[in-house]
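Asks: Only the shape, not the letters, is given here:
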C-alpha cells in the first residue's frame, strides 16, 4: 500500500476524532446559548461578555499549543498522544460546563466563567493536534479531501446526536429539574467523546515527518504574515464561523418562539439542519471529483445569501413547513464548503514553505483554531447583545419586535457573513494544478 494511501478504517478513525471534538463544537454552536439563558439563567448581556472574554484566553493558549506540538514528539508521533492522554479531562470539562449549581446569580456567573474557560482550554489541547495530524497522515490532496469528507461526516453525526438526543434526554431524565437533565445528557455525550478520541488514537498513523520550524514565536509569526493564502483562510474562518454560529445559536429560539413549536418540534428543526449538513459532506466529496473545489467553495457561499433572504421574506410566524424546507436547503448549501476548507489548510502551509523557504506548521494550525474560536466568541457576543436589544425574555410569549429580531438572526444577518466569505475566497489561488507545482518545488527543495 502506498504511504500516501489511507485505508477506510483509518479515515473512519480520523473522522471519529472530529466526532469527539464536535460534541463540544455542536453544543457551543447550537445549544449552549439557549442553555445559558433558558436553563442556567444568565442574562443575555452577561452571556455576550462571557463568550467574548473567554476568547481572549484563546489568543494565548492556541499559539502556545501550536508551538508545543511543533517542539515535542513521542514514539507515538507528534499529535496522536494528545487524543489518548486528554480524552478523560476533555470529557470532564464538558460535563462541568453543563452543570448548573443551585447558587445565587453572581456565584453562578463565576461558575459559568470557570467551567467555560476550562472546556475551552481542553478544546484547544485536543483540537490543535487534531487539525494538524492530517498533514502528516498523507500528502496526497485527494486523500486529504476524502479523509476530511469522512471527518466532517462524523462531525455532523455528532451534531445530530447532540441536537436530537440532548433536549429529549434532558427532558426525560431531568423530570421537574431540566438543569439536572442537561447535566446528565451532556455527561453521556462527554463519555462518548472520550471513547471516540481513544479510538482515533489507535486507528490513525503519522507517516510524514516535516522539518519543523524552531524559530521563536514572533519570528514564526512574521513568516506566517508573509503567507497571504493562509491569511485569507484565517479571515474566511472568522467570518464564516460568525455566520454559522449566529444562525445555529438562534435556531432553537426560532423554532420555539417564531414557529411556536414544542420541544419535539424544536429538536426536529435543528436536527433537520444537521441532516442536511451530513448530506452536504457526501455531496461535496462527490462534486469535487468532477468540479473545481475552490469554485464550489465560492459560489455555494454566495448562494447562502440568497437562501437566507428567502427564509426571512417567505416564512411567516408559525409557517412550519416552509421554514423546514428552506432551512434544510440553506443548511445543505452552507456546508458544501466545509470539507474543502479543512483540506486546504495544509496546502496553504506548503505554499508558505515555498514562498518563504521555511515551514511554520503548528502555529499555522493554531492560528486557524484561534480564528474559529474568535469567530465563535464574536458570534456569541453578537447573539447575546442582539437578544438583549430585541428585548428577549426567556420562556414567555415574545413581542413582534423580538420575533422579527429572531428571524433576522436566523437569516439575513448570518447570510451577509457567508456572502463575505464567498467573495473573499476569490482571492484564494491554490487550486489542484497550483498545488501540484508546490509539491514539485518542495520535493526539489524539502523543508
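Replies: Cool, the structure landed. Just so you know, these numbers come straight off a predicted model, no measurement behind them.

Asks: Can you verify my assumption that residue 277 contacts residue 333?
Replies: No - if you go by CB atoms under 8 Å, residue 277 and residue 333 don't touch, sitting 9.9 Å apart. Glycine gets a C-beta too; all of them are placed from N, C-alpha and C.

Asks: As a check, name the ranges of all strands in the stretch 201-350 of the chain.
Replies: Counting by DSSP state E, counting those that start in this stretch, the stretch 201-350 of the chain has no strands to list.

Asks: give me the low-pLDDT residue ranges for the stretch 101-250 of the chain?
Replies: 210-214 (pLDDT under 70).

Asks: Pull up the gap between residue 154 and residue 133, please.
Replies: In this structure, residue 154 and residue 133 are 15 Å apart, going by CB to CB, to the nearest Å.

Asks: nope, residue 339 is what I meant
Replies: Separation of residue 339 from residue 133 (CB to CB): 16 Å.

Asks: Of these two, which one has the most company?
Replies: Legend: neighbour count by other CB atoms under 10 Å for residue 339 and residue 133, higher for residue 339 (30 against 24).

Asks: thinking that one is in contact with residue 149, fair?
Replies: Yes - counting by CB under 8 Å, residue 149 is a contact partner of residue 339 at 4.8 Å.

Asks: shared neighbours of these two, which are they?
Replies: Taking CB atoms under 8 Å, 6 or more residues apart in numbering as the criterion, residue 339 and residue 149 both touch 281, 284-285.

Asks: Which of those ranks first by neighbour count?
Replies: Counting neighbours by other CB under 10 Å, residue 284 leads these with 25 neighbours.

Asks: Tell me who's in contact with that one.
Replies: Neighbouring residues of residue 284 by CB under 8 Å, 6+ apart: 149, 296, 335-340.

Asks: who wins for neighbours among those residues?
Replies: Most neighbours among the contacts of residue 284, by other CB under 10 Å: residue 339, with 30 neighbours.

Asks: Can you give me the pLDDT of it?
Replies: On pLDDT, residue 339 comes in at 84.

Asks: Residue 446 too?
Replies: Note on residue 446: pLDDT of 51.

Asks: Can you pull the phi/psi pair for residue 74?
Replies: Per-residue torsions, residue 74: phi -130, psi 180 (degrees, to the nearest 10).

Asks: what separates it from residue 97, distance-wise?
Replies: Going from residue 74 to residue 97 by CB to CB gives 29 Å.

Asks: Those two - which one has more neighbours?
Replies: Neighbour totals were compared for residue 74 and residue 97, and residue 97 leads with 27 against 11 (other CB under 10 Å).

Asks: Roughly how far does that one sit from residue 232?
Replies: Using CB to CB, residue 97 is found at 33 Å from residue 232.

Asks: Ok, residue 267 next?
Replies: In this view, residue 267 and residue 232 are 37 Å apart by CB to CB.

Asks: what do you get for residue 378?
Replies: 18 Å.

Asks: Over to residue 404?
Replies: 35 Å.

Asks: So which of those two has more stuff around it?
Replies: Neighbours around residue 404 and residue 232, counted as other CB under 10 Å, are more numerous at residue 232. The numbers are 18 against 15.

Asks: Now do the contacts for that one.
Replies: Residue 232 sits next to 348, 424-425, 427-428 when contact means CB under 8 Å, 6+ apart.

Asks: Compare the residues you listed and tell me which is most surrounded.
Replies: When neighbours are taken as other CB under 10 Å, the top entry among these is residue 425 (25 neighbours).

Asks: shouldn't residue 285 be in contact with residue 147?
Replies: No - using CB under 8 Å as the test, residue 285 is too far from residue 147 to be in contact (10.0 Å).

Asks: Not counting sequence-adjacent ones, nearest residue to residue 282?
Replies: Spatial nearest neighbour of residue 282, chain neighbours left out: residue 153 (6.7 Å); criterion: CB to CB, 6 or more residues apart in numbering.

Asks: list the helices and strands whatever helix or strand that neighbour lives in packs on?
Replies: Element membership for residue 153, per DSSP states H and E: helix 141-174. Secondary-structure packing of helix 141-174 (3 or more CB pairs under 8 Å, 6 or more residues apart in numbering; DSSP states H and E): helix 8-26, helix 105-137, helix 178-203, helix 263-287, helix 338-356.

Asks: tell me the angle the second one makes with helix 8-26.
Replies: In other words, helix 105-137. Here helix 105-137 points in a direction 160 degrees away from that of helix 8-26 (axes from the mean of the first three to the mean of the last three CA atoms, to 10 degrees).

Asks: Could you number the chain from 228 rather than 1 from now on?
Replies: Okay, using 228 as the starting number, the last item reads as helix 332-364.

Asks: Who are the packing partners of helix 332-364?
Replies: Against helix 332-364 (3+ CB pairs under 8 Å, 6+ apart) you get helix 235-253, helix 271-298, helix 308-312, helix 314-324, helix 368-401, helix 565-583, helix 589-616.

Asks: Just the buried residues of it, please?
Replies: 335-336, 338-339, 342-364 (16 or more other CB atoms under 10 Å).

Asks: about what we covered before: for residue 444, which of the helices and strands packed on helix 368-401 is the nearest?
Replies: Across these, residue 444 has its closest neighbour in helix 332-364 (14.6 Å, CB to CB).

Asks: and that closest one, how far from the chain's centre?
Replies: Distance, stretch centre to chain centre, for helix 332-364: 12 Å (CA atoms, centre = their mean, to the nearest Å).

Asks: and it with helix 314-324, angle?
Replies: Taking the same axes, to 10 degrees, helix 332-364 and helix 314-324 form an angle of 150 degrees between their directions.

Asks: quick one on the thing from earlier: dump the helices and strands packed on helix 332-364 into a markdown table; add distance to residue 636 as well.
Replies: Formatted as a markdown table, these follow (distance: least, CB to CB, whole Å):
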| stretch | distance to residue 636 |
| --- | --- |
| helix 235-253 | 18 |
| helix 271-298 | 12 |
| helix 308-312 | 35 |
| helix 314-324 | 23 |
| helix 368-401 | 18 |
| helix 565-583 | 22 |
| helix 589-616 | 6 |
